[in-house]
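S.K.: predicted coordinates and the sequence they were generated for:
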Amino acid sequence: MDLFSTFFNIPVLVASLPQLLNGLLVTIGIGITSIIAGLIGGLFLAVLRLYAGPVTNALVRGYIDVFRSIPLLVLLIIVYYALPFVGIRLSPFFSAVTALTLVSAAYTAEIFRAGIEAIPKGQFEASAALGLSNRYTMTDVILPQAIRIVIPPLTNNCINVLKDTALASVVAMPDLLKQATQAQALSANPTPLIGAAVIYLILLLPMVRFVARLEKRFSRGRT
Amino acid sequence: MKAPLIKIKNLRKAYGNFTVLHGIDLEISQGEVVCVVGPSGSGKSTLIRCINHLEPFEDDGEIIVDGIPVRPGRDLADVRAEVGMVFQSFNLFPHMTVLRNVMLAPIRVRKMNEADAEKRARDLLERVGISVQADKYPGQLSGGQQQRVAIARALAMEPKVLLFDEPTSALDPEMVGEVLDVMKKLAGTGVTMVVVTHEMGFARQVADRVLFMDGGNIIEAGTPTEIFDAPKEERTRNFLHAVLDH
Ligand SMILES: Nc1ncnc2c1ncn2[C@@H]1O[C@H](COP(=O)(O)OP(=O)(O)OP(=O)(O)O)[C@@H](O)[C@H]1O
Ligand SMILES: [Mg+2]
C-alpha cells in the first residue's frame, strides 16, 4: 500500500466523517462549557483578590498556584478515578469539564488580575471620589477598560482549553480524538486520525491567527 | 456661629516611620474657599485626600464632613457623595463620552433616571463651556477641556464640598486660564472649596483663607492679604519669596 492510501484514504475518511463530526460536537461542548465556567470562576477569583482581606487573598493565591502547577491529565484522572472513592461520581463529560474549568479558572484569574492592575490608579480614585460602589467601579469603569487588555491572553487560554479537551478521551469521553482512534481501529487505517488532526487545525488555526493579529495591534503603541 | 462643614481634629498620617501629617486641626465653614499652598512634599495632597478618605489616616484623628464622620464603612459612600474631587491628571473615564462621564455618578449613586441625568450633564457642560464636545471622548479633548469636564463631573453630584488637587499643574500654560476662570465662577456660587494650588494669583484673588503647609503642619493660616502681604512666619516668607520671584 502506498503512502497516500494509507494516510489519506478517501473512502475511509468519508466513512468515518460522521463519527468524527460527532466527536467534534462533543469536543466543542466540553470546550465551551469549560471556557465559560472558567471565565466566570476566574473573574470571580480576580475580583475577590482585589477586595478581600489577606486570608482570602492567600487562599485564592494558593488555588491559582496549585491549579497552574498540576498536570491536567493527573487532575482529570483524579477527578474521574479517585473521587468515586469518596462518593463523588462524575460522568466522563462532567469529569472533563470539572478538571478543565478548575485549571482554566486559575489561568483566567491571573489574566484578569493583570488586566485590572494595568488600569491606572487614578481611575479607581476618580470612581471612589464620585461615591461609586465597588460593584459599579468594576462594571462601569474598570472592566470595560480591562477587557481590551485581556482579550488576547483570554483567547490564548481558550485555545489551550480546546486543545486540552483531547485529554477527555482517556476517561472514555467520545470526543474528536476518541472517535478518531475508534474509527482507526475499525477500519484498520490511520486516515481518521489524520482527519481529526485536520479538524483540530481548522478549529484552532484561525484563533491562533486572531491572537497574533491582536497582539501585534496592541503592541503597536495604543495607549 | 454656624457649625463648620468640615471639621478636622488631630489628623495624623504616616508611611512607616515617615510622618506626613503631624496632627492637623482645621475647620472649614460652609461656602468658604480655602487655598492650600506649600512646598512639594509638605502634605497638601495627603491632607485633602484624607477628607474623602482616598487616604486612610490614624485612628485617633477625626474628620467630620457635614456631620458624617469620615471612616471606612457604610457612611463613607455618603461622605463621598457630598465631596467632589478634581485631580491634577483629570482621571476622566476614557472609554465613555464626555456626556457619559458626567452622567455616570448621578445615575449610579443618586439613582437618577437617564433623562434627568442627561439634562443635568448638558447644563453643567454648558456652564464649563464644553457643551459642543459632549459626544466626544476625553482623549479627543485638550487638557484644559478635559479638566473642565472633570469639574462638571464632580459638580453633577451637587457636592457640598469640592476638593481640587493642583487642577492646573498638568496643563499647558495657555490652558491654565480657562480652568481657573471656571473655578472662579464656582467660588461665587456658595460651594465650599478646598484648593491645593501653586497659582498664587488665583489664591490671592479667590481664597477666603490661605493655608501655608510645610513638613506636614499648617504653619500659618489667614486671609490672602495676611499671608501674601504680611506673612508672620519665616518659612512662609521663604516659600513665597521662592515661588513669587520668578
Ligand atoms: N505612598 C507613599 N508612600 C510613602 N511616602 C509617600 C506616599 N505618598 C506620599 N508620600 C510622601 O508623603 C509626603 C507628602 O506627600 P504629598 O503628596 O501630600 O505632598 P504635596 O504637598 O502634595 O506635594 P506636591 O506639591 O509635590 O504634590 C511626601 O514626602 C511624599 O514623598
Ligand atoms: Mg500634591
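M.R.: That came through fine. Keep in mind that what you see is a predicted model, and the values were worked out from it rather than measured. Ligands and ions are numbered 1, 2, ... in the order given.
S.K.: residue contacts, residue 60?
M.R.: Going with chain A. By C-beta atoms under 8 Å, 6 or more residues apart in numbering or on different chains, the contact list for A:V60 reads A:L45, A:L48, A:R49, A:A52, A:A109. (Each C-beta comes from the backbone N, C-alpha and C, glycine too.)
S.K.: think we crossed wires, I meant chain B
M.R.: Residues near B:D60 by C-beta under 8 Å, 6+ apart: B:N10, B:R12.
S.K.: got it, and A:Q179?
M.R.: So, once contact is read as C-beta under 8 Å, 6+ apart, A:Q179 ends up touching A:S16, A:Q19, A:L20, A:N22, A:G23, A:V26, A:P192, A:A196.
S.K.: could you look up the SS state of it?
M.R.: Here A:Q179 is recorded as helix under DSSP: H, G, I helix; E, B strand; the rest coil.
S.K.: give me the pLDDT value at residue 190.
M.R.: No chain specified, so I'll use chain A. Note on A:P190: pLDDT of 91.
S.K.: um, chain B though
M.R.: 88.
S.K.: that one: how many residues sit nearby?
M.R.: As a burial measure, B:G190 scores 10 neighbours (other C-beta atoms under 10 Å in any protein chain shown).
S.K.: residues touching it, list them.
M.R.: By C-beta under 8 Å, 6+ apart, B:G190 lies in contact with B:Q30, B:G31.
S.K.: distance of it from B:R237?
M.R.: 33 Å (C-beta to C-beta, to the nearest Å).
S.K.: pLDDT (mean, whole number) over stretch A:153-165?
M.R.: 94.
S.K.: actually stretch B:224-233, not the one I typed
M.R.: For stretch B:224-233, the mean per-residue pLDDT is 95.
S.K.: for it, buried residues please.
M.R.: Within stretch B:224-233, the residues that count as buried by 16 or more other C-beta atoms under 10 Å in any protein chain shown are B:P224, B:I227, B:F228, B:P231.
S.K.: now stretch B:229-246
M.R.: Residues of stretch B:229-246 classed as buried by neighbour count (16+ other C-beta under 10 Å): B:P231, B:R235, B:T236, B:F239, B:L240.
S.K.: that stretch and ligand 1 in contact?
M.R.: No. Counting by C-beta under 6 Å from any ligand atom, ligand 1 has no neighbours in stretch B:229-246; the shortest distance is 11.2 Å.
S.K.: helix, strand, or coil at B:I218?
M.R.: From three-state DSSP, the assignment for B:I218 is strand.
S.K.: quick one: contacts for it?
M.R.: Taking C-beta under 8 Å, 6+ apart, one finds B:I24, B:L26, B:L211, B:F212 in contact with B:I218.
S.K.: show me what it is bridged to.
M.R.: Applying DSSP bridges to B:I218 gives these bridge partners: B:M213.
S.K.: kindly report the residues of chain B close to ligand 1.
M.R.: When proximity is defined as C-beta under 6 Å from any ligand atom, chain B approaches ligand 1 at B:Y15, B:V20, B:G38, B:S40, B:G41, B:S42, B:G43, B:K44, B:S45, B:T46.
S.K.: from chain A, how far off is the fifth one?
M.R.: Going from B:G41 to chain A by C-beta to the nearest C-beta, to the nearest Å gives 19 Å.
S.K.: could you look up the SS state of that residue?
M.R.: coil.
S.K.: next: the last one.
M.R.: Following three-state DSSP, B:T46 is assigned to helix.
S.K.: what's the neighbour count on it?
M.R.: Counted with other C-beta under 10 Å, B:T46 comes out at 22.
S.K.: surely it touches B:F18?
M.R.: No. The pair B:T46 / B:F18 is not scored as a contact, 11.4 Å apart, by C-beta atoms under 8 Å.
S.K.: next, the contact list for B:N101, please.
M.R.: B:L92, B:F93, B:P138, B:V149, B:R153.
S.K.: centroid-nearest residue for chain A?
M.R.: Geometric centre of chain A, nearest residue: A:V161, 2.7 Å, by C-alpha atoms, centre = their mean.
S.K.: so which elements touch the host helix or strand of that one?
M.R.: Per DSSP states H and E: A:V161 is located in helix A:143-164. If you count contacts as 3 or more C-beta pairs under 8 Å, 6 or more residues apart in numbering or on different chains; DSSP states H and E, helix A:143-164 packs onto helix A:10-51, helix A:92-117, helix A:191-219.
S.K.: ok, the nearest residue to A:I199 once chain neighbours are set aside - how many residues close by?
M.R.: Excluding the flanking residues, the one nearest A:I199 by C-beta to C-beta, 6 or more residues apart in numbering or on different chains is A:L24, at 5.7 Å. Neighbours of A:L24 under the rule other C-beta under 10 Å: 18.
S.K.: wait, A:L24 sits on A:I202?
M.R.: No. Using C-beta under 8 Å, A:L24 is not in contact with A:I202; the gap is 9.5 Å.
S.K.: isn't A:A183 right next to A:P192, touching?
M.R.: Yes. Using C-beta under 8 Å, A:A183 is in contact with A:P192, at 3.7 Å.
S.K.: mutual contacts of those two, please.
M.R.: Shared contacts of A:A183 and A:P192 (C-beta under 8 Å, 6+ apart): A:V12, A:S16, A:Q19, A:L20.
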